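S.K.: Structure here, sequence nowhere to be found:
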């Protein structure tokens, strides 16, 4: 009888949850029908960027978004932009996560997710190569599929907790064998436009950005404002504590100022909201959740503390405009739902979604002078940590 009662409770709970979800989706569609959305990408005056790429079954949006940001920076700084190899940072990030896992005897996080900072750190340690010389997938097909990679590599690495075989060299070698099987081995040298390069020489000659001039910005009350802190999310596995924390007003103004002055911004945000509606390429916060005018530092903090806002996804913000009294942002997006609507690989984010759901961003320091002016004298904003 008890089991039957529990089954009935679960059954009716599922029905109630389904009904609530259906109501929320209908509310989103109704509200969206009354919103004036600037639907033409050119309305956003986008910064230069290469066309979006669908990440498909991968969980490495952090590489897609950060490399896109780097490509745009190359163009902005007068370097000839080149599509960079999406899986090159992924390969070596798994290698470094393996080292950390062994050295900590299984205590560090070993998952596919990551942040902007790791891409910068991997590139500065290992270099980078063009996409044309390293596709990063041995299977056939135009899109990526990494389901089998994640299953095999995690099974092996997590088994070390049982075997207690913490031999770093042996473990790293085995992980490289798994990566080679699924991604292919990255080239030690390659030819590009008639010249031979290594990944590091290609970095120095073609992707020579001022790496120390970039800053990570966030806005949360769990740390003092106008100070550096850690972004408290699981994917910050290296515990990078160089996110500069500013009030929401400055955080948001920094985004708009950067985009209006020709910069782009890589963003870390939450995408698990009904207001992110792929069929219409739009993301906004529905009024039934919280009216736009009521979004404050406190409401942002509450959702983060309760786990209602998480770092689901990293994207590249490439444009800005205003329409019908609202700020709108053009998002270059690699996630699958960005291909559901007409704008393949793009989302249009409204001001409320950005204020409530963007956790942090990466930008050149010259794009946010007001934020830079808040950094205490003598403290460097540089966030890159060496792997070697």
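M.R.: Alright, I've got the coordinates. Because the structure is predicted, anything quoted here is derived from the model rather than measured.

S.K.: Distance-wise, check residue 70 relative to residue 273.
M.R.: 28 Å (Cβ to Cβ, to the nearest Å). Yep, even glycine has a C-beta here, placed from its N, CA and C like the rest.

S.K.: more crowded one of these two?
M.R.: Ranked by neighbour count (other Cβ atoms under 10 Å), residue 70 and residue 273 place residue 70 first, with 24 against 21.

S.K.: Are we agreed that that one is in a helix?
M.R.: Yes: residue state for residue 70 (DSSP: H, G, I helix; E, B strand; the rest coil) corresponds to a helix.

S.K.: which residues of the chain fall in strands?
M.R.: 190-192, 195-197, 214-218, 227-229, 243-245, 265-269, 276-277, 282-283, 313-323, 326-332, 346-350, 358-364 (DSSP state E).

S.K.: Save these as CSV, and put in distance to residue 115 too.
M.R.: Listed next are the strands of the chain as CSV, based on distance: least, Cβ to Cβ, whole Å:
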stretch, distance to residue 115
strand 190-192, 28
strand 195-197, 27
strand 214-218, 8
strand 227-229, 14
strand 243-245, 9
strand 265-269, 7
strand 276-277, 20
strand 282-283, 21
strand 313-323, 7
strand 326-332, 17
strand 346-350, 20
strand 358-364, 8
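
S.K.: Of those, which is nearest residue 87?
M.R.: strand 190-192 (14.5 Å; Cβ to Cβ).

S.K.: avg pLDDT for that closest one?
M.R.: For strand 190-192, the mean pLDDT works out to 97.

S.K.: How about stretch 375-385?
M.R.: 93.

S.K.: So for it, first residue to last residue, what's the gap.
M.R.: The first and final residues of stretch 375-385 sit 19 Å from each other (Cα to Cα, to the nearest Å).

S.K.: Same question for it: list its buried residues.
M.R.: Residues of stretch 375-385 classed as buried: 375, 381, 383, 384 (neighbour count, 16 or more other Cβ atoms under 10 Å).

S.K.: Over to stretch 254-270?
M.R.: Of the residues in stretch 254-270, those buried (16+ other Cβ under 10 Å) are 254-259, 263-270.

S.K.: what's the closest of these to residue 183?
M.R.: Set against residue 183, the nearest of those by Cβ to Cβ is residue 266 (22.8 Å).

S.K.: check contacts around the residue nearest the centre of the chain.
M.R.: Taking Cα atoms, centre = their mean as the criterion, residue 314 is the residue nearest the geometric centre of the chain, at 1.7 Å. By Cβ atoms under 8 Å, 6 or more residues apart in numbering, the contact list for residue 314 reads 61, 62, 64, 65, 66, 115, 116, 266, 267, 268, 269.

S.K.: low-scoring stretches of the protein, by residue?
M.R.: Across the chain, the ranges flagged by pLDDT under 70 are 1-21, 23.

S.K.: Contact partners for residue 269?
M.R.: Residue 269 neighbours (Cβ under 8 Å, 6+ apart): 311, 312, 313, 314, 315, 354, 357, 358, 359.

S.K.: which ones are touching the residue nearest to the last one when sequence neighbours are not counted?
M.R.: The spatially closest residue to residue 359, leaving aside those adjacent along the chain, is residue 268, at 4.8 Å (Cβ to Cβ, 6 or more residues apart in numbering). Residue 268 makes contact with 115, 116, 231, 233, 311, 313, 314, 358, 359, 360, 361, according to Cβ under 8 Å, 6+ apart.

S.K.: what do you get for residue 384?
M.R.: Applying Cβ under 8 Å, 6+ apart to residue 384 gives the contacts 117, 120, 121, 124, 211, 212.

S.K.: at 7 Å instead, please
M.R.: The contact partners of residue 384, by Cβ atoms under 7 Å, 6 or more residues apart in numbering, come to 120, 121, 124, 211.

S.K.: Can you tell me the closest non-neighbouring residue to the first one?
M.R.: Nearest-residue entry for residue 120: residue 384, 5.3 Å, with adjacent residues in sequence omitted and distances by Cβ to Cβ, 6+ apart.
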